[in-house]
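>>> Here is the input, now give the coordinates:
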Amino acid sequence: MKRCAILPSLLLCLSASVCGQQQGWQAQTSGTTEKLNSVYFVNESTGWIVGKTGTILKTTDAGEHWIEQNSNTLNELKSVFFYDQTIGWCSGDMGKVYKTADGGETWTQYSAGTAARLNSVFFTSVSEGYVCGEYGTIMHSADGGVTWTSQNSGQWSALTSIKFNNGIGRVTMMGGQILVTINGGTTWEVEDLNTASTINSVWFNGISDGIAVGDNGVLSRQTGTNWNTSQVFNNKNMMSIFMTDADTGWCVGQFGSINHTSNSWNAWTPQTSGTTQDLNAVFFIDSGLGWVCGNHGTILHTTNGGLITALEEIDSCEDNAMLNQNYPNPFYTTTTISWQAAKGSWQSLKVFDIFGNEVAKLMDEFMPAGKHSVDFNAQGLPAGIYFYQLQEDGIVATRKMMSVE
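Below is the predicted model:
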């Protein structure tokens with residue numbers, strides 16, 4: 001890989017393409033093109049991912065290699081949860097729950113006593129567990145998932161996720177509401193988030209401290225007994241949220257969207273995922289080590305919380321053929337960036353400084369096939385080298401430009 005020479009050769013280097021960067025998120029090889037719905041790790045190296053057509057993947061080396069396990073089903077699996085390295089469960093279509101006691105070498109199917117799709121599974125101990133799903137379904141098991149009894153949710157809408165923390169349980173659902181229990185599910189009370197959008201995922205620390213995300217970019221923060229809801233994330237559907245503490249977290253969703261916060265509510269920063277595939281679940285072991293799974297077999301991994309640390313350049317890249325060199329280049333204040341879209345898709349065009357910090361988002365929307373261009377105004381930014389990056393239909397192309405005084 002060739003790097004730029006210092007100042008005497010700088011202008012020659014400006015014509016080189018840049019199609020790689022040391023991103024915080026790196027793609028891992030899943031070995032499948034199936035939709036992947038849920039991810040769970042028990043430590044820094046051992047984890048599982050589940051998805052469509054009974055897909056179960058396991059890794060013991062942090063995702064360097066993913067090995068497919070035999071689920072003995074073609075049903076879609078929606079959720080996975082592990083108690084330790086050997087005992088785990090997954091749930092999915094037709095009211096089925098699957099349990100392993102040997103790390104996934106064998107899976108045993110159990111009926112939860114319903115035909116509803118079970119969207120989420122969570123166990124508070126090796127014996128006490130819960131699933132939720134379509135038609136307001138909440139089921140409880142007291143024997144490790146072998147038998148299940150129904151709990152009264154008081155709802156008919158689809159329930160999307162279930163979590164417990166310190167004796168408090170919450171279920172997200174369609175219609176902009178969350179169910180909460182403080183007695184193990186004997187009773188469930190409704191919390192209204194003041195939105196009509198589906199709530200897909202929630203993190204909480206106690207009865208009055210929570211963060212929820214959902215469709216149409218919904219972000220809701222609980223303060224006391226109230227939920228304050230707004231629409232952010234460019235109105236993209238957010239499918240999953242994971243917080244490593246009360247301040248630090250990530251949420252993922254449509255079109256490869258990954259967003260990060262370090263102050264829980266006041267600011268969320270988009271991160272570069274390198275894909276436009278929908279992302280369905282996120283899981284972190286600590287503030288640095290995390291995984292994301294999504295459509296078309298997508299698995300992403302980070303060891304530094306998803307931060308971009310540096311940009312690299314190479315002489316040529318086929319993906320860059322669709323992204324033209326900006327003109328003029330070098331430029332004083334304004335330059336034009338153009339590209340060719342092979343087909344209509346969600347496209348994102350961003351500008352980064354030499355350290356990999358995002359300094360401008362020029363576009364993030366659905367664009368038709370054809371030629372497109374946009375102006376970049378560097379007023380207020382210091383002169384120097386910048387990188388512009390186009391994400392389109394799973395392809396990432398990057399080029400370098402230079403502003404001068």
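>>> From now on I want contacts and neighbour counts done on CA atoms only, so please keep to that.
Noted.
>>> CA atoms only for stretch 358-375 - export them in PDB, please.
The C-alpha trace of stretch 358-375 is given here as PDB (Å, rounded to 0.1, in the frame of the first residue of the first chain):
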ATOM      1  CA  GLU A 358     -16.400  13.700  10.000                       C
ATOM      2  CA  VAL A 359     -16.500  17.400   9.200                       C
ATOM      3  CA  ALA A 360     -19.500  17.500   6.800                       C
ATOM      4  CA  LYS A 361     -22.400  15.400   5.600                       C
ATOM      5  CA  LEU A 362     -23.200  16.500   2.100                       C
ATOM      6  CA  MET A 363     -26.000  14.000   1.400                       C
ATOM      7  CA  ASP A 364     -27.800  11.100   3.100                       C
ATOM      8  CA  GLU A 365     -30.900  10.100   1.100                       C
ATOM      9  CA  PHE A 366     -32.400   7.900  -1.600                       C
ATOM     10  CA  MET A 367     -31.000   8.900  -5.000                       C
ATOM     11  CA  PRO A 368     -32.100   7.600  -8.400                       C
ATOM     12  CA  ALA A 369     -29.700   6.000 -10.900                       C
ATOM     13  CA  GLY A 370     -27.600   8.400 -13.000                       C
ATOM     14  CA  LYS A 371     -25.100  11.300 -12.600                       C
ATOM     15  CA  HIS A 372     -25.200  13.400  -9.500                       C
ATOM     16  CA  SER A 373     -23.100  16.300  -8.100                       C
ATOM     17  CA  VAL A 374     -23.000  18.400  -5.000                       C
ATOM     18  CA  ASP A 375     -20.900  21.400  -3.900                       C
END
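>>> And it, what's buried?
Buried residues in stretch 358-375, counting neighbours by 16 or more other C-alpha atoms under 10 Å, are found at 358, 362, 367.
>>> now stretch 326-339
For stretch 326-339, burial by neighbour count (16+ other C-alpha under 10 Å) applies to 326, 329-331, 334-339.
>>> can I get the CA coordinates of that stretch in CSV?
The C-alpha trace of stretch 326-339 is given here as CSV (Å, rounded to 0.1, in the frame of the first residue of the first chain):
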residue,chain,number,x,y,z
ASN,A,326,-13.6,16.7,-7.2
TYR,A,327,-13.1,19.9,-9.4
PRO,A,328,-11.4,22.1,-8.9
ASN,A,329,-8.7,20.4,-6.9
PRO,A,330,-6.9,21.9,-5.1
PHE,A,331,-9.6,24.5,-4.3
TYR,A,332,-10.0,27.7,-2.3
THR,A,333,-13.5,27.6,-0.8
THR,A,334,-15.8,25.6,-2.9
THR,A,335,-15.4,22.5,-5.0
THR,A,336,-17.8,20.1,-6.8
ILE,A,337,-18.0,16.4,-6.1
SER,A,338,-19.7,14.2,-8.7
TRP,A,339,-20.5,10.5,-9.1
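>>> mind checking how far that stretch is from the chain centre?
For stretch 326-339, the separation from the chain centroid amounts to 33 Å (computed by C-alpha atoms, centre = their mean, to the nearest Å).
>>> for stretch 102-118, same thing?
The answer for stretch 102-118 is 25 Å, by C-alpha atoms, centre = their mean.
>>> Between the two ends of it, what distance do you get?
End-to-end distance for stretch 102-118, by C-alpha to C-alpha, to the nearest Å: 23 Å.
>>> returning to what we had before: between the buried residues of stretch 358-375, which has the least confident prediction?
In this model, the minimum pLDDT among the buried residues of stretch 358-375 belongs to residue 358 (85).
>>> pretty sure that one is touching residue 349, no?
No - taking contacts as C-alpha atoms under 8 Å, residue 358 lies outside contact range of residue 349: 10.7 Å.
>>> Quick one: neighbours of residue 147, just the number.
Residue 147 has 15 neighbours, counted by other C-alpha atoms under 10 Å.
>>> And the nearest residue to it once chain neighbours are set aside, how far from residue 127?
The shortest distance from residue 147 to any non-neighbouring residue, by C-alpha to C-alpha, 6 or more residues apart in numbering, is to residue 141 (5.9 Å). Separation of residue 141 from residue 127 (C-alpha to C-alpha) stands at 7 Å.
>>> next one: residue 109
16 Å.
>>> Looking at the two, which is more packed in?
residue 109 (18 against 13).
>>> who's in contact with the more buried one?
If you count contacts by C-alpha atoms under 8 Å, 6 or more residues apart in numbering, residue 109 has them with 96-99.
>>> beta partners of it?
Beta-bridge pairing of residue 109 under DSSP bridges involves residue 98.
>>> Quick one: low-confidence residue ranges for this structure.
1-23, 264-266, 308-321, 393-394 (pLDDT under 70).
>>> mind running it again at 80?
1-23, 263-267, 308-321, 354-356, 392-396, 404-405 (pLDDT under 80).
>>> So what pairs up with the residue nearest the centre of it in the strands?
In the chain, the residue lying closest to the centroid (C-alpha atoms, centre = their mean) is residue 252, at 2.8 Å. Beta-bridge pairing for residue 252 (DSSP bridges): residue 240, residue 258.
>>> quick one: it from residue 215, how far?
In this view, residue 252 and residue 215 are 11 Å apart by C-alpha to C-alpha.
>>> Identify the contacts common to those two.
Contacts common to residue 252 and residue 215, judged by C-alpha under 8 Å, 6+ apart, are 238-239.
>>> Do a quick rundown of the helices in the chain.
10-13 (DSSP state H).
>>> Using the record's assignment, carve it into domains.
Under the assignment automatic domain parsing, the domains of the chain span 7-22+316-403, 26-302.
>>> The closest residue to residue 57 other than its chain neighbours: what's it in contact with?
Spatial nearest neighbour of residue 57, excluding adjacent residues (C-alpha to C-alpha, 6+ apart): residue 68 at 4.4 Å. When contacts are counted by C-alpha under 8 Å, 6+ apart, residue 68 touches 55-58.
>>> What distance separates the opening and closing residues of stretch 186-195?
Stretch 186-195 has an end-to-end distance of 27 Å (C-alpha to C-alpha).
>>> With stretch 225-240 instead?
By C-alpha to C-alpha, the extent of stretch 225-240 from end to end equals 23 Å.
>>> which outside residues touch that stretch?
Contacts for stretch 225-240 (C-alpha under 8 Å, 6+ apart): 192-195, 200-202, 208, 213-222, 251-255, 257, 259, 279-282.
>>> Could I get the buried residue list for that stretch?
Result for stretch 225-240 [16+ other C-alpha under 10 Å]: buried residues 227, 229-233, 236-240.
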